[in-house]
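S.K.: coords below, sequence missing:
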């Protein structure tokens, strides 16, 4: 059985969501952030570069969302939520699997620049322009697709929901400007597996008693 | 034949390297950065979120290194430099495929914070600590491996060389502190395919006449 080392609040909620979508059992271990909102020593002890999420599967301790979702999908979910190299949509899938990294980069850059961020600085301009391009592109992609890669849920959706719902507002993006994304978020949020996962490990969830 | 839209100087040099390792033909189209060191309108016109690298294969225009190297490896290189989900080293491979994104995030955050970077700010502390963890982990990984995933070159190496060689110094990392990484860089730099690729599209390469 897979153990999810859940850092609350963090994007490790997507692994809970993935497990619920695949109908797989898991053990959730909750880790609190410190007063500085950073992961603490107990979390860092899990893996040499413990970012969130981190999981255990037998002797394997694995961190990095992209690695974890593909690993679980292939090794425990018969590849169901992945798109194979032979598939027509493989390139598109691989492209959208990187969205989270890119939106996170922009988030980190803006947080690092903080109040002193000079909107005219080259890096902040680049990050702002990148963000707008990604949101516009995703909005266009969702004009004709119920999910990011066509008609059914894939790991690309599992990767995308956290940055879209949690990082947008914190980085100056108003989803009301992107109606197809807003409708997509509502569509995904209505899924029982998503609702169950968010109740267990989402941004408002509490450490179990 | 694949077209590589090469933004000089940029990490699109890794796609030239990949093609040389796989012995595949390609057409290189060179794009210059502007005086502000940013990609210009001609490059952005290639794809809605044109980051570097970007390639064309028939009707497909694809951006994002992770997507491109897996696509080319699987569709044109018989999967030779990839590690398949069935392989014992799959999780490890997927983990190291994310190194570039993480080192880039730290780079963007530090550049965005710029001269005003407060070394005590929570985000800069996090980025510094992450960087050190990644370099230490990679240094340990290379203690017993000639390449990142064992004895032979994979896409994980194709992904790693640019951030290790180009972003380390710019983000306060001295490779002399990581002797196994330094030896690895020398080992990879001695490969004929790497040398040819760097001569064509590396950091010191010039737009062809």
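M.R.: All right, it came through fine. Because the structure is predicted, anything quoted here is derived from the model rather than measured. Residues are numbered from 1 along each chain as shown, chains lettered A, B, ... in the order given.

S.K.: any idea how chain A splits into domains?
M.R.: A:2-81+A:194-201, A:90-191 (automatic domain parsing).

S.K.: tabulate those in JSON lines, adding columns for mean neighbour count, mean pLDDT and distance to chain B.
M.R.: Any C-beta I mention is one placed from the backbone N, CA and C, and that applies to glycine too. Shown next, in JSON lines, are these (neighbours: other Cβ atoms under 10 Å in any protein chain shown; pLDDT from 0 to 100; distance: least, Cβ to the nearest Cβ, whole Å):
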{"stretch": "domain A:2-81+A:194-201", "mean neighbour count": "19", "mean pLDDT": "97", "distance to chain B": "4"}
{"stretch": "domain A:90-191", "mean neighbour count": "19", "mean pLDDT": "94", "distance to chain B": "4"}
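
S.K.: dump the ones you listed into TSV; add distance to residue B:106 as well.
M.R.: Listed next are the domains of chain A as TSV, based on distance: least, Cβ to Cβ, whole Å:
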stretch	distance to residue B:106
domain A:2-81+A:194-201	12
domain A:90-191	8
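
S.K.: can you check which of those domains gets nearest to residue B:123?
M.R.: Residue B:123 sits nearest to domain A:90-191 of all these, at 4.3 Å, using Cβ to Cβ.

S.K.: starting at the chain centroid, how far to the closest one?
M.R.: 10 Å (Cα atoms, centre = their mean, to the nearest Å).

S.K.: quick check: end-to-end length of that domain?
M.R.: 25 Å (Cα to Cα, to the nearest Å).

S.K.: what does stretch A:154-174 give?
M.R.: End-to-end distance of stretch A:154-174 (Cα to Cα): 25 Å.

S.K.: contacting residues around that stretch?
M.R.: A:11, A:13-14, A:17-18, A:21, A:65-66, A:69-70, A:73, A:81-83, A:93, A:96-97, A:99-100, A:103-104, A:106-107, A:110, A:128, A:131-132, A:135, A:138, A:147-149, A:175, A:181, A:185, A:188, A:194, A:203 (Cβ atoms under 8 Å, 6 or more residues apart in numbering or on different chains).

S.K.: for residue A:206, which three-state class applies?
M.R.: Assigned by DSSP: H, G, I helix; E, B strand; the rest coil, the conformation of residue A:206 is coil.

S.K.: and it, what does it touch?
M.R.: residue A:8.

S.K.: before we move on, the earlier item: right, so of the domains of chain A, which gets closest to residue B:3?
M.R.: Nearest to residue B:3, of these and by Cβ to Cβ, is domain A:90-191 at 14.5 Å.

S.K.: backbone phi and psi for residue A:57, please?
M.R.: The phi/psi pair for residue A:57 (degrees, to the nearest 10) reads phi -140, psi 100.

S.K.: bridging residues for it?
M.R.: residue A:60 (DSSP bridges).

S.K.: just the contacts of stretch A:154-174: which are in helices?
M.R.: A:13-14, A:17-18, A:21, A:65-66, A:69-70, A:73, A:93, A:96, A:99-100, A:103-104, A:106-107, A:110, A:128, A:131-132, A:135, A:138, A:181, A:185, A:188, A:194 (DSSP state H).

S.K.: returning to that earlier point: for residue B:57, find the nearest of the domains of chain A.
M.R.: domain A:90-191 (8.2 Å).

S.K.: residues contacting residue A:44?
M.R.: residue A:50.

S.K.: ok, it to residue A:7 distance?
M.R.: 10 Å (Cβ to Cβ, to the nearest Å).
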